[in-house]
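Q: Here is my input; please provide its structure:
(one chain, ligands or ions: 2)
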Amino acid sequence: MTKLVQVAVAILIRPNCEYLLASRPNGKGWAGWWEFPGGKIESGETPENALIRESQEELGITPTQIQPWIKRRYDYPATHDAEAKTVLLHFFFVHAWQGELQAREGQQFAWQHPRTLNVSPVLPANAPIMQALSLPPVYAISNIQEMGEHAFLQALKQQLDHGLQLLQIRESQLDDAALAKLSEEVLQPCAPYDCRCLLNGSPEQALQLGYHGVHLNSQRLMALTQKPDNLLVGASCHNRVELAQAQSLQLDFAMLSPVLPTKSHPEATGLGWEQFGEMLSGLEIPVYALGGMHFEHVSHAQSCGARGIAMQRAIWEQQ
Ligand SMILES: Nc1nc2c([nH]c(=O)n2[C@H]2C[C@H](O)[C@@H](COP(=O)(O)OP(=O)(O)OP(=O)(O)O)O2)c(=O)[nH]1
Ligand SMILES: [Mg+2]
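A: Numbering: from 1, shown residues only. Ligands and ions are numbered 1, 2, ... in the order given. This is a model prediction of the structure:
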């Protein structure tokens, strides 16, 4: 059996959402590869203690605001290193710290914009993490059927001003002509904000109407045999079989629901956070929690391993 190494990993985030990568110093396994700062948890240490100690040793800073994120297991072969090992990575977001960054181990630093990774190669265990970080923590879903188009477009403008970066248009009641008209009215104001829009529909229709992506319902997901090209692809999942299908097709993300009881499915009790977290453990694609979500659920969803939350109502009620 290979040895299990527990590691505390720090994702330092600036207010503009950029995060820090560092190159692994010469003389270590995987030298020159890019990683998040961090290191092995010593015996008797909690992951939090190790995170603070490693940040001081490698970066000369002391984290003051940390939030535990996911744990990820990965089997490393003996290539690029002295021996094969299994790592259990404990990821933390570090939102604030004291002190100035210093490269105390001679490592290089690179602040990365979440949507454009410009260093490589990154340690292989981190691939799904980079993928997850490229998506924003909040995914909005349109609700024109309840709100009416005028109120929706106004609320959309407000949320774009507040930083909305990902939107799903889900209006199955509209015929093709009405959907085409609405799509223009939505895509136009989103463009200057760089907010990506997905159509809940077919990949062909999403491409034809000029969307950045498509959001598949679970029926479309289960019928799909290959991820469509040139689109960001998300899918609605309600169980492990659907999550496994989204992962095996290497979709960009899944949305799992209902987590809490919700107005759209009053008969369903919701998975609850515990089961939600269990269903995500070991999964390699980012997931959004849907069902009864409000802005204040973001950090709890992330501590269960989700990228963030999806909202169809609460987001449009926010002033
Ligand atoms: N720090 C860090 N380690 C990672 C990441 N992803 C990943 O697979 N790892 C692996 C690589 C290593 O096998 C292990 C961390 O060990 P390390 O060599 O950095 O540990 P350390 O800083 O305590 O170094 P040392 O004093 O033992 O030499 O975790 C990551 O993003 N950051
Ligand atoms: Mg280290």
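
Q: Would you confirm that residue 80 contacts residue 30?
A: Yes: shown here, residue 80 and residue 30 form a contact pair, counting by CB atoms under 8 Å, at 4.8 Å. Bear in mind the C-beta positions are built from the backbone N, C-alpha and C, glycine included.

Q: what's the nearest residue to the closest residue to ligand 1 within the stretch 201-319 of the chain if we skip its chain neighbours?
A: Using CB to the nearest ligand atom, residue 284 is the residue of the stretch 201-319 of the chain that sits closest to ligand 1, at 13.6 Å. Nearest residue to residue 284, sequence neighbours excluded (CB to CB, 6 or more residues apart in numbering): residue 128, at 4.2 Å.

Q: So in terms of bridging, what pairs with the closest residue to ligand 1 within the chain?
A: Using CB to the nearest ligand atom, residue 39 is the residue of the chain that sits closest to ligand 1, at 2.4 Å. Applying DSSP bridges to residue 39 gives these bridge partners: residue 8.

Q: Can you report how many residues lie near it?
A: By other CB atoms under 10 Å, the residues close to residue 39 number 20.

Q: For it, give me its contacts.
A: Contact partners of residue 39, counting by CB atoms under 8 Å, 6 or more residues apart in numbering, are 7, 8, 50, 54, 57, 58.

Q: Highest neighbour count among the residues you listed?
A: Sorting the contacts of residue 39 by how many neighbours each has (other CB under 10 Å) puts residue 8 first, at 28 neighbours.

Q: Could you pull up the residues touching it?
A: Residue 8 makes contacts with 38, 39, 41, 47, 48, 50, 51, 54, 90, 92, as judged by CB under 8 Å, 6+ apart.

Q: Just the buried ones from these?
A: Buried members of these, scored by 16 or more other CB atoms under 10 Å, are 38, 39, 41, 47, 50, 51, 54, 90, 92.

Q: Among those, which lie within helices?
A: Residues of the buried ones among the contacts of residue 8 located in helices (DSSP state H): 47, 50, 51, 54.

Q: and which of these is nearest residue 21?
A: When those are compared for distance to residue 21 (CB to CB), residue 54 wins out at 15.0 Å.

Q: So that closest one sits against residue 10, correct?
A: Yes: counting by CB under 8 Å, residue 10 is a contact partner of residue 54 at 7.0 Å.

Q: Overlap of the contact sets of the two?
A: Residues touching both residue 54 and residue 10 (CB under 8 Å, 6+ apart) are 37, 38.

Q: Got the phi and psi for the residue nearest to residue 200 when sequence neighbours are not counted?
A: Nearest residue to residue 200, sequence neighbours excluded (CB to CB, 6+ apart): residue 170, at 3.9 Å. Dihedral pair for residue 170: phi -130, psi 90, per degrees, to the nearest 10.

Q: Quick check: residue 15 vs residue 163, distance?
A: The gap separating residue 15 from residue 163 is 11 Å, by CB to CB, to the nearest Å.

Q: Compare these two and say which is more crowded by neighbours.
A: Using other CB under 10 Å, the more surrounded residue of residue 15 and residue 163 is residue 163, with 12 against 7.

Q: Over to the residue nearest to residue 284: give its phi and psi.
A: Backbone torsions for residue 128, taken as degrees, to the nearest 10, come to phi -70, psi -20.

Q: what does residue 18 give?
A: phi -70, psi 150.

Q: Surely it and residue 116 touch.
A: No: checked against CB under 8 Å, the pair residue 18 and residue 116 is beyond contact range at 10.3 Å.

Q: Which one's more surrounded, these two?
A: Using other CB under 10 Å, the more surrounded residue of residue 18 and residue 116 is residue 18, with 13 against 7.
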